[in-house]
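Enquirer: here is a sequence together with a model predicted from it:
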Amino acid sequence: MNTLHRGYSKVTNHLFLTCFSLLMLYPVIWWVGASLKKTEEMRLPTIWPEVAMWSNYSKGWNFSAEFSFGHFFANTLMMEFWNVLGGVLTSAIVAYGFARLHFKLRGFWFSILLLTMMLPGQVTIVPQYILYNNLGLVDSYIPLILPHFFGGGAFFVFLLVQFIRGIPRDLDEAAKIDGASVYGIFLRIIFPLIKPALVTVAIFTFIWSWDDFFGQVLYLSSVEKFTVGLALRMFIDQFEIQWGQLLAMSLLSITPSVIVFFLAQKHFVEGISTTGLKG
Amino acid sequence: MRGDGIGVNKVVVSKTSLLTRLSRKKKVNSYENNLAGYVFISPWLIGFLLLTVWPVTQSFYLSFTDYPLLADPVWVGVENYTKIFTKDPLFGKSLAVTFSFVLLSVPLKLFFSLMVAMLLNKSLKGMSLYRTAIYFPSLIGGSIAVSVLWRNMFDLNGYINQVLAWFGIQGVGWITNPSTALGTLVLLNAWQFGSTMVIFLAGLKQIPQELYESASVDGAGKFRKFLNITLPMLSPVVFFNLVLGVIGSFQTFTSAFIITKGGPIHSTYMYALFLYEKAFKHYQMGYASALAWILLAIVASLTAINFLVSRYWVFYETDGGKK
């Protein structure tokens, strides 16, 4: 191989990738600057403001007379706690059943599970709303949390099934010889071994429920229970939008997802790719 | 090993599933086995019956009723459907908008994410940094916060027009102009190509390097290798992304709801937004259910067409007699 040529192409690759990364991140960089700008400065094409308006953050935080953003963050995090707990626990249980146990109609139920991934949510949303409405559960977190306790979503079950299938069966067999039941095998062998995949489930659940604006708009109506997303929407609907403050709060609203992502980014991308698309 | 930072795991392929198939023959479906199986899948099964099967059948029934939520549903036969198809101009409009959105954004996203995935598949130092940077917009892209950002940037006095002004181009109000509003939503959708890209990346890692090496020996150039090796080997993954991309973009809601509110003059009035307004603004639950069933029929037929056509372009490695 021509090493000189290779070195040259490496440099161009790096150059191109750096430019491309910057292009992708450009809106975000602009966003950070704009969140510190005065309203008049918003129209200038500069990235960074002349004087950083930190008050955008403090004023935006308290934009609503009744509640501060702290309240909305607390609401959302409380909901997230249950969502993540439900998703992680039940998806692991269901996935173990599909991956390791032999029961009648297993193949049938698994195909149904995969089919539900393709079902548009809009088809079920009206009767679900009516159901929750009849049970008096509209304007509570139950409709948002409950689905996560039913296996956490077909995608996660599928992901974990693929992961469990990759674990050698010898471990199960050895435990069985030692007298462990299927429940014991799940608790002591499989559950600890699938922890990396469960981290993926937790992160995805966290970010997707954070962004599930449709569900939140549908089921939460009193300001007291608003999530961060709904609070931002309330902000937009004001008579005159304070863009600096709004952009500052929007930026804050994505920080939990960003922190979660960076804490566990290795698992995050691995998780998507272990779904085993081929085969 | 190319593992660096966000390494992509080796995907468990058919060998294990062959083993399970063999061992299943030996097992007897005893009572305990059945019981344990159903105990483990019961969370999903209960949820499926309660939150999928029941609502789907219920919405089918409701689609033949007039149901203002506060009063009981009244059977009206196919009236909702005839009204939708013959008297509701918004139905045709929202369908046309959604179809153009899908037709523009799905191919754009597929093409873009495949190109970037091939770029990121090289072994370079610091690749994990690039990957993170490029994935980042997808991480936050679905949130309402980004819709807020988009609304500001594409405003008449927004950032995009200021940049264009440097080049002497007089920008328009991208969001307030009916001919460009949908384009801004397509662009936002394409900006979040991360998960599609990661799936492509996983697929690219699966292609055996020997194929490329022997092609090099035969004197094939880069483009020929892409056309004759990469594309056929990757076609199942392209197909997967295509099917999910079509289904996903049919349901786009947040961006249309926050950035454009369906306007101007319904140029971004997505089907999901139409359905939402019928159900939860006008409380026409029966009418909305009919709309939902029409959506299901459309998405199902598109998926079926995708599967039928896939026979002619998706290439599966032959795997011991399996098709």
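Expert: It's in.
Enquirer: longest single helix anywhere in chain B?
Expert: The longest helix of chain B (DSSP state H) is helix B:89-120.
Enquirer: tell me the buried residues in the helix or strand that comes right after it?
Expert: For helix B:89-120, the following helix or strand on the C-terminal side (DSSP states H and E) is helix B:127-140. For helix B:127-140, the neighbour count (16 or more other C-beta atoms under 10 Å in any protein chain shown) marks B:127-128, B:130-140 as buried. Yep, even glycine has a C-beta here, placed from its N, CA and C like the rest.
Enquirer: can you check stretch B:236-245 too?
Expert: Here stretch B:236-245 shows B:Pro236, B:Val237, B:Val238, B:Phe239, B:Phe240, B:Asn241, B:Leu242, B:Val243, B:Leu244, B:Gly245 as buried, counting by 16+ other C-beta under 10 Å.
Enquirer: low-confidence regions, the stretch 151-279 of chain A specifically.
Expert: A:239, A:265-279 (pLDDT under 70).
Enquirer: now the helices for it?
Expert: Using DSSP state H, counting those that start in this stretch, the helices of the stretch 151-279 of chain A run over A:154-165, A:169-177, A:182-185, A:191-193, A:195-211, A:213-219, A:228-236, A:243-263, A:265-273.
Enquirer: most packed of the ones you listed?
Expert: Mean neighbour counts were taken over the helices of the stretch 151-279 of chain A using mean count of other C-beta atoms under 10 Å in any protein chain shown, and the top value, a mean of 23, falls to helix A:154-165.
Enquirer: what's it packed up against?
Expert: With contacts taken as 3 or more C-beta pairs under 8 Å, 6 or more residues apart in numbering or on different chains; DSSP states H and E, helix A:154-165 sits against helix A:69-100, helix A:106-116, helix A:195-211, helix B:14-26.
Enquirer: let's go with 10 Å and repeat that
Expert: helix A:69-100, helix A:106-116, helix A:195-211, helix A:265-273, helix B:14-26, helix B:31-48 (3 or more C-beta pairs under 10 Å, 6 or more residues apart in numbering or on different chains; DSSP states H and E).
Enquirer: report the buried residues of the second one.
Expert: Neighbour counts over helix A:106-116 (16+ other C-beta under 10 Å) mark A:Arg106, A:Trp109, A:Phe110, A:Ile112, A:Leu113, A:Thr116 as buried.
Enquirer: now the third one: closest residue in space, sequence neighbours ignored.
Expert: Distances taken as C-beta to C-beta, 6 or more residues apart in numbering or on different chains place A:Phe98 nearest to A:Phe110, at 5.5 Å, with adjacent residues excluded.
Enquirer: got the contact list for the one you found?
Expert: Shown in contact with A:Phe98 (C-beta atoms under 10 Å, 6 or more residues apart in numbering or on different chains): A:106-107, A:109-110, A:113, A:151, A:157-158, A:160-161, A:164-165, B:37, B:40-41, B:44.
Enquirer: how near is B:Leu204 to chain A?
Expert: Distance, B:Leu204 to chain A, using C-beta to the nearest C-beta, to the nearest Å: 10 Å.
Enquirer: that residue belongs to a helix?
Expert: Yes - applying DSSP: H, G, I helix; E, B strand; the rest coil, one finds B:Leu204 inside a helix.
Enquirer: I figured it hits B:Leu234, correct?
Expert: Yes - B:Leu204 is within contact range of B:Leu234, at 6.7 Å (criterion: C-beta atoms under 10 Å).
Enquirer: among the two, which residue is more densely surrounded?
Expert: B:Leu234 (23 against 18; other C-beta atoms under 10 Å in any protein chain shown).
Enquirer: give the contact list for B:Glu32.
Expert: A:Phe103, A:Ser181, A:Val182.
Enquirer: ok, the last one - contacts?
Expert: Meaning A:Val182. A:96-97, A:100-101, A:172, A:175-176, A:190, B:32-33, B:35-37, B:39-40.
Enquirer: can you pull out the strands in chain B?
Expert: B:65-66, B:74-75 (DSSP state E).
Enquirer: which one of the ones you listed lies closest to chain A?
Expert: strand B:65-66 (11.4 Å; C-beta to the nearest C-beta).
Enquirer: so which residue of chain A comes closest to chain B?
Expert: A:Phe150 (2.3 Å).
Enquirer: which one is that residue nearest to, not counting chain neighbours?
Expert: Closest to A:Phe150 by C-beta to C-beta, 6+ apart is B:Gly47, at 2.3 Å.
Enquirer: could you do B:His266 as well?
Expert: B:Lys93 is the one closest to B:His266 (C-beta to C-beta, 6+ apart), at 5.2 Å.
Enquirer: just checking, the one you found touches B:Leu273?
Expert: No - distance between B:Lys93 and B:Leu273: 11.3 Å, which falls outside the contact criterion (C-beta under 10 Å).
Enquirer: find residues that contact each of the two.
Expert: B:Gly262, B:His266.
Enquirer: these two: which is more packed in?
Expert: When neighbours are counted by other C-beta under 10 Å, B:Lys93 and B:Leu273 differ, and B:Leu273 comes out ahead with 23 against 17.
Enquirer: what sits against the more buried one?
Expert: Counted by C-beta under 10 Å, 6+ apart, B:Leu273 has contacts B:94, B:97-98, B:252-257, B:260-262, B:266.
Enquirer: in ChimeraX, select just the buried ones from these.
Expert: With 16+ other C-beta under 10 Å as the burial test, the buried ones among the contacts of B:Leu273 are selected in ChimeraX as follows:
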select /B:94,97,98,252,253,254,255,256,257,260,262,266
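Enquirer: output the contacts of B:Leu273 as TSV; include the columns pLDDT.
Expert: Compiled in TSV, those are given as follows (pLDDT from 0 to 100):
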residue	pLDDT
B:Ser94	94
B:Val97	94
B:Thr98	94
B:Thr252	87
B:Phe253	86
B:Thr254	83
B:Ser255	85
B:Ala256	88
B:Phe257	86
B:Thr260	85
B:Lys261	84
B:Gly262	83
B:His266	88
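Enquirer: among the contacts of B:Leu273, which lie within helices?
Expert: B:Ser94, B:Val97, B:Thr98, B:Thr254, B:Ser255.
Enquirer: and these near chain A, which?
Expert: B:Thr254, B:Ser255 (C-beta under 10 Å from any C-beta of the partner chain).
Enquirer: can you add distance to B:Val217 and give the helices of the stretch 151-279 of chain A back as a markdown table?
Expert: A markdown table is the format used below for the helices of the stretch 151-279 of chain A (distance: least, C-beta to C-beta, whole Å):
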| stretch | distance to B:Val217 |
| --- | --- |
| helix A:154-165 | 35 |
| helix A:169-177 | 40 |
| helix A:182-185 | 49 |
| helix A:191-193 | 42 |
| helix A:195-211 | 39 |
| helix A:213-219 | 54 |
| helix A:228-236 | 56 |
| helix A:243-263 | 43 |
| helix A:265-273 | 30 |
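Enquirer: and B:Tyr287, which of those helices is closest to it?
Expert: Closest to B:Tyr287 of those is helix A:213-219 (C-beta to C-beta; 17.1 Å).
Enquirer: that closest one - contacts with which helices or strands?
Expert: Using 3+ C-beta pairs under 10 Å, 6+ apart: helix A:213-219 touches helix A:122-134, helix A:142-145, helix A:195-211, helix A:228-236, helix B:144-153, helix B:254-255, helix B:271-280.
Enquirer: save those helices as TSV, and put in distance to B:Trp54 too.
Expert: Below are these laid out as TSV (distance: least, C-beta to C-beta, whole Å):
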stretch	distance to B:Trp54
helix A:122-134	7
helix A:142-145	15
helix A:195-211	23
helix A:228-236	28
helix B:144-153	30
helix B:254-255	27
helix B:271-280	18
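Enquirer: for those helices, which one sits closest to B:Ala304?
Expert: helix A:122-134 (16.2 Å).
Enquirer: now the closest one: buried residues?
Expert: Here helix A:122-134 shows A:Gln122, A:Val123, A:Thr124, A:Ile125, A:Val126, A:Pro127, A:Gln128, A:Tyr129, A:Ile130, A:Leu131, A:Tyr132 as buried, counting by 16+ other C-beta under 10 Å.
Enquirer: low-confidence stretches in the stretch 1-150 of chain A?
Expert: Short version for the stretch 1-150 of chain A, where the test is pLDDT under 70: A:1-7, A:43-45.
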